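Peer 1: Requesting a structural model of the entry that follows:
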Amino acid sequence: MVEGAFTVSSGVVTLALALDDPPQEPRWKGGILFDGAVRGAMRLSSPSARQAARSIGDWPYYAAGLMPLLADPLVAWLVRDDATAAANMELIGLEAFSYAGLSSFISTRISVRERPDVTECRREHPEGGCDRDTEAFWSGHTTIVAASAGIVCANHQFMALWGSPAADASACGLATSAALVTTISRLAADRHYASDVLVGFGIGFGFGYGVPTLLHYGRTKKPVLVAIQPAFGDGAALNVAGSF
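Peer 2: Here you go, the predicted model:
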């Protein structure tokens, strides 16, 4: 019940932030640490190539919910004949996605970091005419696709959905590879700095894997054992020992 309330609340707040216009004036511009070096190596030179990379990376982002929210629950229901597991997987996936999405929106609203391609445009065209975009940190696209990968990896680790350890490991590998495609595309398209996508990937995968594992699959009820035994020494006594 509590987790359901948190999930719904997170979804509502995320939707409200998505519909609200972000700040126009950045608080933070430019790269940090290794951002400049990675940008120099990964950024594609031509605008058309950057646009193509952006489009390629959008596909895994838009398809992020297909495996954890559609394909895997259907396998559990129709192939494994476990409707309860299918429903639980659906709810767990929605919970993880809601937390990941909310964290990303809160971060962009607090950091107000200008995207690198916008900063570049302003440098090349000081007279104006450039878009305003302050939703760089951390990368929302990367967060969502990484959350999807984390959910898939957790589901296939604890449930033999595809029939064998190798097949279930390949599901995790497939989802993670799709997440990496989006991550790399955001750098190649110059939409994000390396710090944006690295933090986004870590946060997203953390929610995607952590919510199912720590809050659901990891909840194993252990029996409570208590033993009472007589003890003899200087006088009669009772020893109580147990495991909880």
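
Peer 1: Report the mean confidence score over the longest helix belonging to the chain.
Peer 2: Within the chain, and with DSSP state H defining each element, the longest helix by residue count is helix 83-111. Confidence over helix 83-111, taken as the mean pLDDT, stands at 95.

Peer 1: What is it packed up against?
Peer 2: The elements that helix 83-111 packs onto, with contact taken as 3 or more C-beta pairs under 8 Å, 6 or more residues apart in numbering; DSSP states H and E, are helix 2-19, helix 72-74, helix 140-158, helix 194-212. Any C-beta I mention is one placed from the backbone N, CA and C, and that applies to glycine too.

Peer 1: any idea which of these is most buried?
Peer 2: Burial among the helices and strands packed on helix 83-111, expressed as mean neighbours by mean count of other C-beta atoms under 10 Å, is greatest for helix 140-158, which shows a mean of 27.

Peer 1: from the chain's centre, how far out does the very next helix or strand once past that one sit?
Peer 2: Toward the C-terminus, helix 140-158 is succeeded by helix 165-188 as the next helix or strand (DSSP states H and E). Helix 165-188 has its C-alpha centroid displaced from the chain centroid by 12 Å (C-alpha atoms, centre = their mean, to the nearest Å).

Peer 1: Same question for stretch 50-70.
Peer 2: 14 Å.

Peer 1: can you pull the buried residues of that stretch?
Peer 2: Taking 16 or more other C-beta atoms under 10 Å as the neighbour-count basis, stretch 50-70 is seen to contain the buried residues 50, 53, 54, 57, 60, 61, 64, 65, 67, 68, 69.

Peer 1: average model confidence for stretch 178-198?
Peer 2: The pLDDT scores in stretch 178-198 average 97.
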